[in-house]
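Student: got a predicted structure here, sequence first:
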Amino acid sequence: MKDPKQRLFRYGVQVNSLGLTEQQPENNVARILLEMLAVTLSKDARARAVQLPAWNEALGLPRPWDQQWSLRMQQILAYETDLLDYDDIFAGSPVIAAKVAELKAAAREELAHIEAMGGTVAAVEAGYMKQRLVESNSRRVEAIERGEQTVIGVNRFVETEPSPLADAAEAVLTVAEEAETDQVGRLKAWRAARDDKAVATSLENLRAAAASGANIMPPSIACAKAGVTTGEWAFALRATFGEYRAPTGVGSGMRNDAEGLDDIRAEVDRVSKKVGRRLKFLVGKPGLDGHSNGAEQIAARARDAGMDVVYDGIRLTAEAIAAAAAEKNVHVVGLSILSGSHMPLVREVIARMKEAGLDDVPVVVGGIIPPHDASALKAAGVAEVYTPKDFALNRIMSDLCRIVEHAADAKEPADAAE
């Protein structure tokens, strides 16, 4: 390619929603705008597209109005300022040049390390990439807990007036109970209206292509034309290839440099002795929610606190979580759900656990959960509910010890009676 424009590195950016806070959520608007400036100020490094979160994504699912507000932020910057009219305003800046050189040197060092491991594929399969991400976020969370990294409204300037935005009854969007029933009904109607013979033939051709190593695109297109659903298509391929479970980044080795855990580790040891073995904690992510940061940080902190942690990654079925809880003989189950479907998913997991005879195993839930839903979950038997405002992970670890000990105490009289 001789045309310089064709050699340009074009990239899109999703502004970080990890830094949004449930406390004083109106501050999130300023955070979003500042992060957007970082990828628009410099013409030579400007993002081709910017995707912004909504101000209230730490509270729940954004409503259409919240999404509109997010869009208007971009439009105001683009059409009400002259920011995009100028060449790179940082050209010739020694400060920016030094920072760029620092970033390039660090990137080259990391790339050399990955190359020494055998390349990107080997690094991914070994879990190195994911582990580095989890550890990086762990250090960020720890810095916030210690007050070394300031987050306004969370660990500094926490005094606040009641927010008319966050306290509104309709501040967030929740998934309607009938949404699943409606979708299942439409799926059944779709299947009833299609040609079953054409569906069976196209799926068989897809399986044959996958088994032989042939190009699966032509049979996949034939499946789409026959009315095959994405679920049926995926199950046909799983039957041939199996299902890949990516490394979680939460290994078994305890981090010795994690600070402030001595008292928690002592508490874990005490409760472990009381229940007769190492306190075992299963962290599960049911449903199709792919946001794993919260689950990873809870699992990593529990591991560093001395618990025996079971964490198999994202997109698990309720049946798989209950089966793992039974097989691993865990003392407590933690569910992480950020998709807005916490009510039906938690109910299903609890029901599956009861079927497996795990009535005495407490369940805690974490995620983006509105207050009224948190109350309903507790009424349904959930031991504790955590949301993004609960950033002090050591307190959660102490709670888990207390919850497991309480469950053990409640079980002892029942065992004695038997």
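Tutor: Great, that's in hand. Note that the structure is a prediction, hence the values are computed from the model and not measured. Numbering: from 1, shown residues only.
Student: distance check, residue 245 against residue 315.
Tutor: Separation of residue 245 from residue 315 (C-beta to C-beta, to the nearest Å): 9 Å. The way it works is simple: take the backbone N, C-alpha and C, and place the C-beta from them, glycine included.
Student: who's more crowded, these two?
Tutor: Just comparing residue 245 and residue 315: by other C-beta atoms under 10 Å the higher neighbour count belongs to residue 315, 15 against 11.
Student: what average pLDDT does the host helix or strand of residue 408 get?
Tutor: Secondary structure assignment for residue 408, by DSSP states H and E: helix 393-417. The average pLDDT within helix 393-417 is 87.
Student: show me where pLDDT drops low in the protein?
Tutor: Along the chain, the parts satisfying pLDDT under 70 run over 1, 167-170, 256, 413-418.
Student: the domain parsing of it - what is it?
Tutor: Taking automatic domain parsing as the reference, the chain has its domains at 10-91+127-146, 179-241, 262-417.
Student: from those, which stretch is densest packed?
Tutor: Ranked by mean neighbour count, the domains of the chain are led by domain 262-417 with a mean of 19 (mean count of other C-beta atoms under 10 Å).
Student: ok, residue 175 - how many residues close by?
Tutor: Residue 175 is flanked by 16 other residues according to other C-beta under 10 Å.
Student: what about it, distance to residue 377?
Tutor: Counting by C-beta to C-beta, the separation of residue 175 from residue 377 is 14 Å.
Student: same check on residue 23?
Tutor: Look at residue 23 and residue 377: by C-beta to C-beta, they are 21 Å apart.
Student: residue 100 now?
Tutor: Applying C-beta to C-beta to residue 100 and residue 377 gives a distance of 48 Å.
Student: again, but for residue 185
Tutor: 27 Å.
Student: same question, residue 137
Tutor: Taking C-beta to C-beta, one finds residue 137 at 26 Å from residue 377.
Student: quick revisit: want to throw the domains of the chain into a markdown table with distance to residue 171?
Tutor: Shown next, in a markdown table, are those (distance: least, C-beta to C-beta, whole Å):
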| stretch | distance to residue 171 |
| --- | --- |
| domain 10-91+127-146 | 6 |
| domain 179-241 | 19 |
| domain 262-417 | 8 |
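Student: so which of these comes closest to residue 115?
Tutor: domain 10-91+127-146 (12.1 Å; C-beta to C-beta).
Student: share the number of residues neighbouring residue 99, please.
Tutor: Look at residue 99: counted by other C-beta under 10 Å, it has 12 neighbours.
Student: where does residue 353 sit, in terms of helix or strand?
Tutor: Using DSSP H and E, residue 353 falls within helix 342-355.
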